[in-house]
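**Q** please find the sequence and the predicted model below.
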Amino acid sequence: MSYLCVQKEKDMVQDTLFFEKNEHLFFTADTHFGHRNIIKYCQRPYTSVEEMEETIIANWNSVVDKDDLVFHLGDFAMGGSKEWSRLLQRLNGRIHLILGNHDVQTIRSGVSSFEGIAMQMMLNVQGQKIYLNHYPFLCYSGSSRNTWQLFGHVHTCSNNNGKDSSRLKMLLPTQYDVGVDNNNYTPVSFDQIKATISKQVKLYEQKLPKE
């Protein structure tokens, strides 16, 4: 059964995807299948690209069922259409791909197993507006009106020392990195993200000066 319905409202971005229920929705990013150097760059706990692939696929399929909807926020895999199709055949769910910087360079024609491919996307899940992009933005539409932004790219982790790490402190509490490095190499559900963002907002509000 599909929980997806598309509608249009004057105050919403056209072609926003609307969901009447929040279950069966998952988010992830930065799997980097086939990318050997990402193990070293991000200090991933794998000894080979094959071990990384098998672990991420097993983690994915342990939480995502065949009919679930997954939004992958970029940097899916290296290689061409044959390699991408091989991976997609092993992954549960109907997958929307938000293109990342590596995807733009490596995606090939003929990869048709995605539910959809886009540069960015807007969702509305039971009234909660969500902006999806591979990159975290300091300013985005709806940021002052409780619109979430989910992103990847920056590989958030406890030992993050990349050139983007200092700028991550400037993000809003309504933003969250759904990348595998930040989520135990596993897709995260809408409910998990809602709980995390609610906690981030609460901590942020506690730090605001008292009137």
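**A** Structure's in. What do you need?

**Q** tell me which residues in whichever helix in the chain runs longest are buried?
**A** Secondary structure of the chain per DSSP state H: the longest helix is helix 190-207. Neighbour-count burial for helix 190-207, counted by 16 or more other Cβ atoms under 10 Å, picks out 190, 192-194, 196-197, 200. Every residue, glycine included, has its C-beta placed from N, CA and C.

**Q** this protein: helices as residue ranges?
**A** Using DSSP H, the helices of the chain run over 37-41, 49-63, 81-90, 101-106, 190-207.

**Q** please enumerate the strands of the protein.
**A** Applying DSSP state E to the chain gives strands spanning 4-6, 17-19, 25-28, 69-72, 94-98, 116-118, 120-125, 128-133, 148-151, 175-177, 188-189.

**Q** show me the contact partners of the fourth one.
**A** Among residues not part of strand 69-72, those counted as contacts by Cβ atoms under 8 Å, 6 or more residues apart in numbering are 3-4, 24-29, 31, 64, 91, 93-98, 115, 121, 123, 132, 150, 187.

**Q** so how far is it from its chain's centroid?
**A** 7 Å (Cα atoms, centre = their mean, to the nearest Å).

**Q** ok, it: who's next to it in the sheet?
**A** The strands beside strand 69-72 in its sheet (DSSP bridges) come out as strand 25-28 (parallel), strand 94-98 (parallel).

**Q** got it, and the shortest one?
**A** Listed by DSSP bridges, the sheet partners of strand 188-189 and their directions read strand 25-28 (antiparallel).

**Q** any idea how far the strand it pairs with is from the chain center?
**A** The mean C-alpha position of strand 25-28 is separated from the chain mean by 6 Å, Cα atoms, centre = their mean.

**Q** same question, stretch 186-205
**A** For stretch 186-205 - counting by Cα atoms, centre = their mean - the centre lies 14 Å from the chain centre.

**Q** from now on call the first residue 24
**A** That works, and once the first residue is 24, the last one we named lands at stretch 209-228.

**Q** let me know the average pLDDT across it.
**A** For stretch 209-228, mean pLDDT is 95.

**Q** residues in contact with it?
**A** 45-46, 48-51, 79, 82-83, 85-87, 93, 148, 151, 171, 173, 196-197, 199, 201, 203.

**Q** out of these, which end up buried?
**A** Using 16+ other Cβ under 10 Å, the buried ones in those are 48-51, 79, 82-83, 86-87, 93, 148, 151, 171, 173, 196-197, 199, 201, 203.

**Q** flag the shaky bits of the protein, pLDDT-wise.
**A** 24-38, 131-133, 181-189, 234 (pLDDT under 70).

**Q** sorry, back to before: also compute the angle for the longest helix of the chain relative to strand 151-156, please.
**A** Using axes from the mean of the first three to the mean of the last three Cα atoms, to 10 degrees, the direction of helix 213-230 lies 100 degrees away from that of strand 151-156.
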